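Trainee: Using only what follows, build the 3D model:
(2 chains)
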Amino acid sequence: EDKVVQSPLSLVVHEGDTVTLNCSYEVTNFRSLLWYKQEKKAPTFLFMLTSSGIEKKSGRLSSILDKKELFSILNITATQTGDSAVYLCAHSGGSNYKLTFGKGTLLTVNP
Amino acid sequence: DGGITQSPKYLFRKEGQNVTLSCEQNLNHDAMYWYRQDPGQGLRLIYYSQIVNDFQKGDIAEGYSVSREKKESFPLTVTSAQKNPTAFYLCASSTYGSGGLYQETQYFGPGTRLLVL
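Mentor: Prediction:
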């Protein structure tokens, strides 16, 4: 059974800190790994990773995939209170492009 | 503005009642999905549809039903058989990329929170 495990489940930091969120997965047929940010309602897309070792970057956020060790990390540098959210990791596998989600990491950034 | 809309924002269900959650998209996406989110849990797939008039069960389909009569619409009915329906329901869509392959990236609506009276 395909599985996605995120750690930590919750994290509290101060503004300006750097955080690393982890996502490990087990999948029969790997296609891609995706990161989403969920504040109050709809998850919003951050990154899609398909190749090992290639960092994707968007402002203060970056992510990388290791297909050999079956994990991905999401880094946020110089955190701001607006980064407070649940960060969801999901993988896509199989022929029907279903996404399997982890439980998410709740990040709280205090001023 | 292109996007996915869900209604209502909040929905109250009485015992033994069926309720229907609406999901509409004007992104011209082919595939649509319904997820359920419980506190402290990730998203769990209820049903998905890759094409009009066709849909498949996800991981937790029991107590739910769907229809896909139009490309832009994918309503979810929570039946009385679903004994624990209180949750946040999210609809998503995705489309084909180049070469006829689905793009994995799914775009989400704002969600409907279902509460039981």
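Trainee: Point out the residues in chain A that sit beside chain B.
Mentor: A:4, A:6, A:9, A:31-32, A:34, A:36, A:41-45, A:48, A:88, A:90, A:92, A:96-104 (Cβ under 8 Å from any Cβ of the partner chain). C-betas here are computed from N, CA, C, even on glycine.
Trainee: Would you mind writing the ChimeraX command to select the buried ones in those residues?
Mentor: Applied in ChimeraX, the following selects the buried portion of the residues of chain A next to chain B according to 16 or more other Cβ atoms under 10 Å in any protein chain shown:
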select /A:4,6,31,32,34,36,41,42,43,48,88,90,92,97,98,99,100,101,102,103,104
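Trainee: Tell me which of the residues of chain A next to chain B fall in strands.
Mentor: Among the residues of chain A next to chain B, DSSP state E puts A:4, A:6, A:31-32, A:34, A:36, A:44-45, A:48, A:88, A:90, A:92, A:98-101 in strands.
Trainee: quick one: contacts for the nearest residue to A:K41 once chain neighbours are set aside?
Mentor: The spatial neighbour of A:K41 that comes closest, neighbours along the chain excluded (Cβ to Cβ, 6 or more residues apart in numbering or on different chains), is B:P110 at 4.5 Å. With contacts defined as Cβ atoms under 8 Å, 6 or more residues apart in numbering or on different chains, the neighbours of B:P110 are A:41-42, B:4-6, B:9.
Trainee: That'll do, ta.
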